[in-house]
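**Q** let's see this in three dimensions:
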Amino acid sequence: MFTYSLTATPPAHLMSSSLSPPDSSGDKPAKPISISTQFRRFSWAMGLAVVALTLMLLYLQSGLQAGLSVLQDDFMPRWQTAQRLQGDAHHVSVKAVQLTLAFTLGELRSIHEELDDQIRALEASLQAVVKPIANTELARNLTMAAGDFRRVAEALAEAVRLRVTSAIATTREQMDRERRRERDLARLMGDHVVKLASYTGTLAADIDIAFAAHRQDLLRRLCLQGLFIGLAGLLIGVLIWQQFRLLDHRLIHRIKALEADMAKTDLDQTLLAHRAETDEIDAMRNELAGLLSRLTDQNAQLERLATTDSLTGLANRRCLFERLGQEVYRARRYNTALSLLLFDLDHFKRINDGWGHAVGDHVLREIARETLQLLRRTDTAGRYGGEEFVVLLPETDLAEAMAMAHRLNREISRKVIAPEHGSPLVVTVSVGVATLAPAESGEELVQRADRALYRAKQAGRDRVEATNPLADSSRQEMEKNYEFKG
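**A** This next block holds a predicted model:
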């Protein structure tokens, strides 16, 4: 990946093209919201939502905990006490029956104490369940029942004591009367037990109803809490998803798109175009666009300098030979003709010596301009060196190349070159023509054209000479044999 320093200022033409016309209404444009501000606002909103959800969950949990505490500390003990009341009343009834069977004062005293303890336990249980009862009539009946238990028990104990202490002195009739009184009191005690059992049953039923209602309320609270926890999780998930979308859409996606644009071989003009800044990414993009625009212009300029002759504007020697290699490959690949012209200005040294190098450079530029006007779009003209020029003619045979060479020689000789200082000049050129042979390389093609140019110079200049590969090779062989014999 290429790294660029994003400190360059966008070019002036990009800056001017991005300026929008002023608003006729006079209203100021809305200030863009930066990405950091958007994330800060979203983070605050998400934090507040999480805090609110947490507080709500704590409130529901505290209410559920309070309900459980009420169930454990109030309803359960009252329900258990109500259930125990019936057992206590039955024990009091049994002990009262045992009291009627006492024959001695010691036995009477022992049973009476046990009965008194059970009655006190019964009264304590009644007090425990009577205080929180909302039904005042039931509470009053339970209190009266406890008092009746106490009075009947005391009366029964007194009757048994009288019977025991006066058992010798009394007659049988009096004894029977005492026995009947004891039996009546014992039966009355049983009636009170039944009545108390009825009251405690009603109390237990009321407690069961309240207990069931409270349990239903707890179940509703628990379901509500579970539902709220689910909604809270869903809301948090939605917030996290929205945060991811904001992060992906506003930051990651745009950075990846920018990286993809930068990775392209040819930069798209949309990347180099200046846009209105809405946040930090756009500002960074505009800075990068300005830098890339400058780099693109500099690269284009460097490429022109690397492939173009600075004086004539034609292809330089390096670019010329690269194009020659490509054309040689195409000619062999598709079995087409390829010709090359190598021409030289006649007596160019006299122009430099007589008029100066500035005039000589002007002449070279004029010759290059005239050459470009005569060529086709597919042809390539380049400066070979000094006052020598090369013209590549793809898909051109020797006859067509000779016609182009004669035309070039004729048009240049007719052109009158007028320098800024001095009299007009007329120059001529000598041209060497060569056509690519089947097994010939580009360098060999240039060498044959150079030999043809040499013959044109030797023949008097201002003329065109061509080389035939077979004849040229025979001539070279003869020259080598002549030199060997000599």
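
**Q** ok, then the element right after the helix or strand of the chain with the lowest mean pLDDT?
**A** Per-element confidence for the chain was summarised using mean pLDDT, DSSP states H and E. The lowest value among helices and strands belongs to helix 12-18, with a mean of 40. For helix 12-18, the following helix or strand on the C-terminal side (DSSP states H and E) is helix 35-70.

**Q** name the helices or strands packed onto that following helix?
**A** Packed against helix 35-70, as judged by 3 or more C-beta pairs under 8 Å, 6 or more residues apart in numbering; DSSP states H and E, are the following elements: helix 172-247, helix 280-307. Using the backbone N, CA and C atoms, a C-beta is placed for each residue, glycine as well.

**Q** may I see the buried residues of it?
**A** By 16 or more other C-beta atoms under 10 Å, the buried positions in helix 35-70 come out as Ile35, Met46, Leu53, Leu60, Leu64, Gly67.

**Q** out of those residues, who's nearest Leu258?
**A** Within those, distances to Leu258 taken as C-beta to C-beta reach their minimum at Ile35, with 13.8 Å.

**Q** for Thr165, see how far away the closest residue to Ile229 other than its chain neighbours is.
**A** For Ile229, ignoring the flanking residues on the chain, the nearest one in space by C-beta to C-beta, 6 or more residues apart in numbering is Leu57 at 6.6 Å. Applying C-beta to C-beta, to the nearest Å, one obtains 74 Å for the distance of Leu57 from Thr165.

**Q** do Arg180 as well
**A** Using C-beta to C-beta, one gets 18 Å for the distance from Arg180 to Thr165.

**Q** next one: Gly382
**A** From Gly382 over to Thr165 (counting by C-beta to C-beta), the distance is 155 Å.

**Q** higher neighbour count, these two?
**A** Counting neighbours by other C-beta atoms under 10 Å for Gly382 and for Thr165 shows that Gly382 has the greater number, 26 against 12.

**Q** and for the one helix or strand the more buried one maps to, what's in contact with it?
**A** Element membership for Gly382 (DSSP H and E) is strand 380-385. The list of residues contacting strand 380-385 from outside it, by C-beta atoms under 8 Å, 6 or more residues apart in numbering, reads 309, 311-312, 314-317, 319-320, 323, 327, 342, 364, 368, 371-372, 375, 389-392.

**Q** now do 6 Å
**A** Residues from elsewhere that reach strand 380-385 (C-beta atoms under 6 Å, 6 or more residues apart in numbering): Asp309, Thr312, Leu314, Ala315, Leu320, Arg323, Thr371, Leu375, Phe389, Val390, Val391, Leu392.

**Q** tell me how many other residues surround the first one.
**A** Neighbour count for Asp309, taken as other C-beta under 10 Å: 20.

**Q** check the second one too.
**A** A count of neighbours around Thr312, defined by other C-beta under 10 Å, yields 21.

**Q** cool, and the fourth one?
**A** Burial measure for Ala315: 21 neighbouring residues, criterion other C-beta under 10 Å.

**Q** could you check the pLDDT of it?
**A** Confidence per residue is given as pLDDT, and for Ala315 that number is 91.

**Q** could you do the fifth one as well?
**A** Reading off the confidence values, Leu320 has pLDDT 92.

**Q** in contact with it, which residues?
**A** Each residue near Leu320 by C-beta under 6 Å, 6+ apart is listed here: Gly382, Val390.

**Q** look at the closest residue to Val193 other than its chain neighbours and say how many residues are nearby.
**A** Nearest residue to Val193, sequence neighbours excluded (C-beta to C-beta, 6+ apart): Ser93, at 4.3 Å. Applying the criterion other C-beta under 10 Å, we find 21 residues in the vicinity of Ser93.

**Q** what sits against Ser93?
**A** With C-beta under 6 Å, 6+ apart as the criterion, the residues that contact Ser93 are Met189, Gly190, Val193.

**Q** does Ser339 sit in a helix or strand, and which one?
**A** Ser339 belongs to strand 338-345 when assigned by DSSP H and E.

**Q** give me the sheet partners of that strand and which way each runs.
**A** As defined by DSSP bridges, the strand partners of strand 338-345 come to strand 388-394 (antiparallel), strand 429-435 (antiparallel).

**Q** how about those in JSON lines, adding distance to Arg461, mean neighbour count and mean pLDDT?
**A** Listed next are those as JSON lines, based on distance: least, C-beta to C-beta, whole Å; neighbours: other C-beta atoms under 10 Å; pLDDT from 0 to 100:
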{"stretch": "strand 388-394", "distance to Arg461": "14", "mean neighbour count": "23", "mean pLDDT": "95"}
{"stretch": "strand 429-435", "distance to Arg461": "5", "mean neighbour count": "27", "mean pLDDT": "96"}
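
**Q** in TSV, list the ones you listed along with distance to Val160.
**A** Rendered in TSV, the data for the strands paired with strand 338-345 read as follows (distance: least, C-beta to C-beta, whole Å):
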stretch	distance to Val160
strand 388-394	146
strand 429-435	156
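
**Q** mind saving the C-alpha coords of stretch 303-320 as PDB?
**A** As requested, C-alpha coordinates have been extracted for stretch 303-320 and formatted as PDB (Å, rounded to 0.1, in the frame of the first residue of the first chain):
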ATOM      1  CA  GLU A 303       6.900  10.600 -18.100                       C
ATOM      2  CA  ARG A 304       7.000  13.200 -20.800                       C
ATOM      3  CA  LEU A 305      10.500  14.200 -19.900                       C
ATOM      4  CA  ALA A 306      11.600  10.500 -19.900                       C
ATOM      5  CA  THR A 307      10.200   9.800 -23.300                       C
ATOM      6  CA  THR A 308      10.300  13.100 -25.200                       C
ATOM      7  CA  ASP A 309      13.200  15.100 -26.500                       C
ATOM      8  CA  SER A 310      13.200  18.400 -24.700                       C
ATOM      9  CA  LEU A 311      14.300  20.400 -27.800                       C
ATOM     10  CA  THR A 312      12.100  19.000 -30.600                       C
ATOM     11  CA  GLY A 313       9.200  17.500 -28.700                       C
ATOM     12  CA  LEU A 314       9.700  14.200 -30.600                       C
ATOM     13  CA  ALA A 315      10.300  10.800 -29.000                       C
ATOM     14  CA  ASN A 316      13.800  10.600 -27.500                       C
ATOM     15  CA  ARG A 317      16.300   7.800 -28.300                       C
ATOM     16  CA  ARG A 318      15.100   5.600 -25.400                       C
ATOM     17  CA  CYS A 319      11.400   5.800 -26.200                       C
ATOM     18  CA  LEU A 320      12.200   5.400 -29.900                       C
END
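
**Q** buried ones in that stretch, by neighbour count?
**A** With burial defined by 16+ other C-beta under 10 Å, the residues of stretch 303-320 counted as buried are Thr308, Asp309, Thr312, Leu314, Ala315, Asn316, Cys319, Leu320.

**Q** pick out whichever of these sits closest to Thr396.
**A** Minimum separation from Thr396 among the buried residues of stretch 303-320 (C-beta to C-beta) is found for Leu320, which lies at 16.6 Å.
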